[in-house]
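Q: generate coordinates for the sequence data below:
(chains A and B)
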Amino acid sequence: MNLRTRFMSMSLRIKFILPIAAMLVVSMLAISGYLVRRQSESFRHELEVTGETMVRVLAIDAESGVLFGSKYDLEELLKAPTQFDVVTYTSIKSVDGSILAQIGDSAKQAVGIMTAEDSILNDTSHKFTYTTGADGNEYLVITRPIVTVKRAVSRENLGLTGGLDSTLTGGVTTEIIGHIEMGLSLEHVNRSILEAKIASYFLTAIIVIGTILMLTFIVGVVVRPVTRLVKVTDRVSHGDLDVKVEINQTDEIGHLARTFNNMIESLRQSRAEIERYNKTLEEKIIERTQQLEEAQAQLIQSEKMGAIGQLAAGVAHELNNPLGGILGYAQFTLEKLLKNVPERTTTKEIQSYIRYVTDIEAQARRCKTIVQNLLRFSRSSRTVEFDDVDVNKTVEETLTFVGHQLHLNQIELQTVLDANLPHIQGNAGQLQQVFTNLIINAMHASLPGSTIMITSRFSPALGEFGGTVELSFLDHGTGIKDEHLKRIFEPFFTTKEVGKGTGLGLSVSYGIIKEHGGEISVQSAVGKGTTFTIVLPIQKPEPESDKEEKQRFSFGVR
Amino acid sequence: MSEAKKSILVVDDEEIIRDFLSEVLEDYAISLASDGDDAIEKIRSHKFDLVITDLRMPRVSGEEVVRFTRDTYPGSKVIVISGYSSLATVSQTVQNGACAFLAKPFSIKELLLSVEHALQDTAGN
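A: Below you'll find the model as predicted:
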């Protein structure tokens, strides 16, 4: 199981090559082993046949030599086989084991082969013995008895006992008279076997290597595109979709590659679509946010314009009265001057001219002030710049175009302004918008004949910004119900008839006061009146909190 | 001038307008009122040939002055002067019985023409 797991975890290439190579090696080794064995058997057999032939011939030829004990003849006889390299030694021994003749060095190589038992063998056949010599080499020793043939008569006369040679007929017996022994070196044979072994191993190695190389090539052809595919899938899985499998094959792998490429393409397309969608969404959000901000700014502006619209009658009256005076007096003066005869001009006439022109100047100044205030008031709130603001002056300027309205509604205005009020950091136009809003609201809530009181005072102890300026707008009007009081600074909350109020006045005022780092609060009792209190810090709020407030303001109006 | 001067009542809460009108209309017998109350008081005690009145005034408005004049002396003439003029205001004023409407700022010529025209009608009557 463990082996199997290990195998399964190997690469495809190894998985292919390893078992095939192993099988090849094993089978090649088995085949060559078998062949070598057969070869060596055949070599030995050949050697045995050769040796046996020689020994048999020698045994026949040695018969007389042994019988006559002619050492010379025997040695001459033994010289012939020594011409063969394989023959190490040849010796002829008597039945008792003594060496009658010997060629070659048996002592050195195969000494002691012939035992006493061997020597008394009466077997007429040959005998093979494989042995290792003192020099460590392997030898084949062939022994064969030397026999002589005897007649039956003489045999009996001689009184010899011995095995009956069946080949002989008619009372003919064979007698072993000695032994011939031949030592054959196996060196050549073994060398040949070794050569055969080496050759077969070499061949095996060549075939295995060749096969492995071929396999590698073939497996490579199959596996390479797969590896490429794997690399590409790896990159794809890491999110890189700009890759492509470069395989131009028509087989299954080629098909796989094409399918995979198609898959990447469709993935890329869908991702691009998602990205495009995301981008569009983001752009839309930015666009909408911008639109919302613009709408917000526009709302504040229109609220202000709405206030101006409410004031329009008053403002027109306010402007047209002095303009009426200016136009009238200018025409009047002009007419008089055109009729005037310089020599007859009286001091009185000159004095009246001066009075007219002085009136014109005064009324023109009045117009200028009104226009200036109006401009300051209507200036877009998008340019919110903080500056030194004299709150008392701002209140008075506001009254220049609200005052007439109050006058018309028969509402008395009382101002108790602290003469020692320090300047604050703020935007006069915005503050004027707040004051206008509060005064108009108070006016709408008040009955003719009642009084609105505006108070300003300095509170040095309050606040961490070097004190605060406190303003209150008090009326004796209808008052605000408790349930309305809670929602009074909410955007679009209004108790006025549809079309009469935007419901934004107080929420915009709230935003403006917050932007100044201040507070606006309200106390009211139904039937008794309402007081709005504004507390403004003298110093400009911290830029950070300023920004924060601005943000809150721009997103929530209030 | 042998015959009695024609009497005109000028009603306006703006001092500059009152001053100017009295200068321009110095040929007439001018009376001044600074608001509606004052005007109605004066109209009640004296019949003016012509009333020139502003519309927007505290307490008693110009409209009331016009109505009161028409009610008290059906034949008398009223000229309305106003700094805040809209078509609705003008038509309302005329319906109420004013014979002319002058939008502030108006020229002396306009004023004199209107006054003369109004008083001519009075003379005809």
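
Q: got the buried residues for stretch A:50-58?
A: The neighbour-count check on stretch A:50-58 (16 or more other CB atoms under 10 Å in any protein chain shown) flags A:50-52, A:54-55, A:58 as buried. (C-beta placed from N, C-alpha, C; glycine too.)

Q: among those, which ones are in helices?
A: Judged by DSSP state H, the buried residues of stretch A:50-58 include A:50-52, A:54-55, A:58 as members of helices.

Q: farthest pair in those?
A: Distance extremes for those: the farthest pair is A:50 and A:58 at 12.5 Å, using CB to CB.

Q: and residue A:515, how close does it get to residue A:531?
A: Relative to residue A:531, residue A:515 is positioned 22 Å away (CB to CB, to the nearest Å).

Q: actually residue A:267, not the one I typed
A: Distance from residue A:267 to residue A:531, by CB to CB: 68 Å.

Q: likewise for residue A:183?
A: With the distance defined as CB to CB, residue A:183 ends up 144 Å from residue A:531.

Q: with residue B:10 instead?
A: The gap separating residue B:10 from residue A:531 is 41 Å, by CB to CB.

Q: go on, residue A:73?
A: From residue A:73 across to residue A:531, the span is 165 Å (CB to CB).

Q: so the residue in chain A that chain B sits nearest to, which of the three states?
A: Residue of chain A nearest chain B, by CB to the nearest CB: residue A:320 (2.9 Å). Three-state call for residue A:320 (DSSP: H, G, I helix; E, B strand; the rest coil): helix.

Q: for it, what are its contacts?
A: By CB atoms under 8 Å, 6 or more residues apart in numbering or on different chains, the residues touching residue A:320 are B:82-84, B:103-105.

Q: among those, which are within reach of chain A?
A: B:82-84, B:103-105 (CB under 8 Å from any CB of the partner chain).

Q: next one: the residue nearest the centre of chain A from residue A:272, what distance?
A: Central residue of chain A (CA atoms, centre = their mean): residue A:238, 5.2 Å from the mean position. Counting by CB to CB, the gap from residue A:238 to residue A:272 is 18 Å.

Q: phi, psi of the most centrally placed residue in chain B?
A: With distances taken as CA atoms, centre = their mean, the residue of chain B nearest its centroid is residue B:52 (1.1 Å). Per-residue torsions, residue B:52: phi -110, psi 120 (degrees, to the nearest 10).

Q: measure it to residue A:355 for me?
A: Separation of residue B:52 from residue A:355 (CB to CB) stands at 22 Å.

Q: how about residue B:81?
A: According to CB to CB, residue B:81 stands 22 Å off from residue A:355.

Q: so for these two, which residue has more residues nearby?
A: The neighbour comparison of residue B:81 against residue A:355 (other CB atoms under 10 Å in any protein chain shown) goes to residue B:81, with 29 against 14.

Q: my guess is the more buried one contacts residue B:100, does it?
A: No - if you go by CB atoms under 8 Å, residue B:81 and residue B:100 don't touch, sitting 9.1 Å apart.

Q: what's the pLDDT at residue A:281?
A: Residue A:281 is assigned 90 on the pLDDT scale.

Q: kindly report the same for the one 5 residues further on.
A: At residue A:286, the predicted lDDT confidence score is 90.

Q: can you tell me the helix or strand for it?
A: Under the criterion of DSSP states H and E, residue A:286 resides in helix A:252-339.

Q: next: residue A:432.
A: Secondary structure from DSSP H and E places residue A:432 in helix A:428-445.

Q: next SSE after that helix?
A: Using DSSP H and E, the next helix or strand after helix A:428-445 towards the C-terminus is strand A:451-459.

Q: show me what that next one is packed against.
A: If you count contacts as 3 or more CB pairs under 8 Å, 6 or more residues apart in numbering or on different chains; DSSP states H and E, strand A:451-459 packs onto helix A:391-408, strand A:412-417, helix A:428-445, strand A:468-475.

Q: go through those and name the closest to residue A:140.
A: helix A:428-445 (128.7 Å).

Q: average pLDDT for the closest one?
A: Computed over helix A:428-445, the mean pLDDT rounds to 88.

Q: which strands and helices sit next to the helix holding residue A:432?
A: helix A:252-339, helix A:347-378, strand A:387-389, helix A:391-408, strand A:451-459, strand A:468-475, helix A:505-515, strand A:529-537.

Q: need the ones you listed in TSV (columns: distance to residue A:89).
A: TSV is the format used below for the helices and strands packed on helix A:428-445 (distance: least, CB to CB, whole Å):
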stretch	distance to residue A:89
helix A:252-339	72
helix A:347-378	142
strand A:387-389	136
helix A:391-408	143
strand A:451-459	142
strand A:468-475	138
helix A:505-515	130
strand A:529-537	133
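
Q: where is the longest helix in chain B?
A: helix B:108-124.

Q: how about that one: buried residues?
A: So helix B:108-124, judged by 16+ other CB under 10 Å, has buried residues B:108, B:111, B:114-115, B:118-119.

Q: go on, stretch A:319-334?
A: Neighbour-count burial for stretch A:319-334, counted by 16+ other CB under 10 Å, picks out A:319-333.

Q: for the residues you listed, which one is nearest residue A:142?
A: Distance to residue A:142, by CB to CB, is smallest for residue A:319 among the buried residues of stretch A:319-334, at 154.3 Å.

Q: ok now whichever strand or helix holds residue A:182, how far from the chain's centre?
A: With elements taken from DSSP H and E, the one containing residue A:182 is strand A:172-185. Offset of strand A:172-185 from its chain centre (CA atoms, centre = their mean, to the nearest Å): 93 Å.

Q: so which elements touch it?
A: helix A:12-68, strand A:87-94, helix A:106-109, strand A:138-151, helix A:152-158.

Q: number of residues surrounding whichever residue of chain B sits closest to chain A?
A: Chain B approaches chain A most closely through residue B:83 (2.9 Å), counting by CB to the nearest CB. Using other CB under 10 Å, residue B:83 is surrounded by 26 other residues.

Q: got it, and the one 10 residues further on?
A: The local packing of residue B:93 (other CB under 10 Å) involves 23 other residues.

Q: give me phi/psi at it?
A: The phi/psi pair for residue B:93 (degrees, to the nearest 10) reads phi -60, psi -50.

Q: my guess is it contacts residue B:61, does it?
A: No - contact criterion CB under 8 Å: residue B:93 and residue B:61 do not qualify, at 11.2 Å.

Q: show me whatever sits in contact with both of these two.
A: residue B:55.

Q: now do the same contact list for residue B:62.
A: Residues near residue B:62 by CB under 8 Å, 6+ apart: B:11, B:36, B:53-56, B:80, B:82.

Q: nearest to residue A:192 among the residues you listed?
A: Nearest to residue A:192 out of the contacts of residue B:62 is residue B:56 (CB to CB; 143.7 Å).

Q: who's in contact with that closest one?
A: Applying CB under 8 Å, 6+ apart, we find residue B:56 in contact with A:313, A:317, A:408, B:62, B:82-84.

Q: what residues does chain B have near chain A?
A: B:13-14, B:16-17, B:19-21, B:23-24, B:56-59, B:81-84, B:103-109, B:111.

Q: show me which of the residues you listed are buried.
A: Neighbour-count burial (16+ other CB under 10 Å) applied to the residues of chain B next to chain A gives B:13-14, B:16-17, B:19-21, B:23-24, B:56-59, B:81-84, B:103-106, B:108, B:111.

Q: now for residue A:200: which residues touch it?
A: Residue A:200 makes contact with A:32, A:35-36, according to CB under 8 Å, 6+ apart.

Q: out of those residues, the closest to residue A:388 would be?
A: Closest approach between the contacts of residue A:200 and residue A:388, by CB to CB: residue A:32, at 111.3 Å.

Q: give me the number of residues near the closest one?
A: Residues lying near residue A:32 (other CB under 10 Å) number 20.
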